[in-house]
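Visitor: quick one, fold the following:
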Amino acid sequence: MTTLHLERGEYGEVSAAADGGLLVELTEAGERRLVEQCARRAASLEERADQRAAWLRSLSTDELVALATSRFGGPDPELVAEGARRMREAAERMAPALEALRSLGLLGATSDR
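Guide: Take a look at the predicted model:
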């Protein structure tokens, strides 16, 4: 939850909306405060996302799988992204060995599937 504190000069009229919400008319100063608050919040969320991504990268594969399978309804999107990143890395590392096996005729071409 985020709180936006507006000083008296930053808003004009405040009224109740039909759906139970509030309508707040902002002055230019209020608009500036809102934009500044949103920018700070976005930076904070981005920093947290970066920290979470770094934490996910630090987990072992077993820990990542355990975390992904522990959530009802499937893993969070960032867990899926980290799993996919690890699979891409593994495929890139295996590509030379697979190509060598193909060139020796020990492994069929990918179009043989």
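Visitor: tell me where the model's unsure across the chain.
Guide: Within the chain, the set of residues satisfying pLDDT under 70 comprises 1-2, 110-113.
Visitor: where is the longest helix in it?
Guide: Ranked by residue count under DSSP state H, the longest helix found in the chain is helix 28-58.
Visitor: just checking, next helix/strand downstream of that one?
Guide: Moving toward the C-terminus from helix 28-58, the first helix or strand encountered (DSSP states H and E) is helix 61-70.
Visitor: in that following helix, what's buried?
Guide: Neighbour-count burial for helix 61-70, counted by 16 or more other C-beta atoms under 10 Å, picks out 64, 68. Glycine gets a C-beta too; all of them are placed from N, C-alpha and C.
Visitor: contacting residues around it?
Guide: Contacts of helix 61-70 from elsewhere in the structure, counted by C-beta atoms under 8 Å, 6 or more residues apart in numbering, are 56, 59, 75, 79-80, 82-83, 86.
Visitor: can you list those residues in CSV and add secondary structure?
Guide: Output for the contacts of helix 61-70, formatted as CSV (DSSP: H, G, I helix; E, B strand; the rest coil):
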residue, secondary structure
Leu56, helix
Leu59, coil
Pro75, coil
Leu79, helix
Val80, helix
Glu82, helix
Gly83, helix
Arg86, helix
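Visitor: can you list the buried residues in the longest helix of the chain?
Guide: For helix 28-58, the buried set under the neighbour-count rule, 16+ other C-beta under 10 Å, comprises 30, 33-34, 56.
Visitor: redo those residues as TSV? Include distance to Val65.
Guide: Written out in TSV, the entries for the buried residues of helix 28-58 read as follows (distance: C-beta to C-beta, whole Å):
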residue	distance to Val65
Gly30	48
Arg33	45
Leu34	42
Leu56	12
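Visitor: can you tell me which two in the residues you listed are farthest apart?
Guide: In these, the most distant members under the criterion C-beta to C-beta are Gly30 and Leu56, with 38.4 Å between them.
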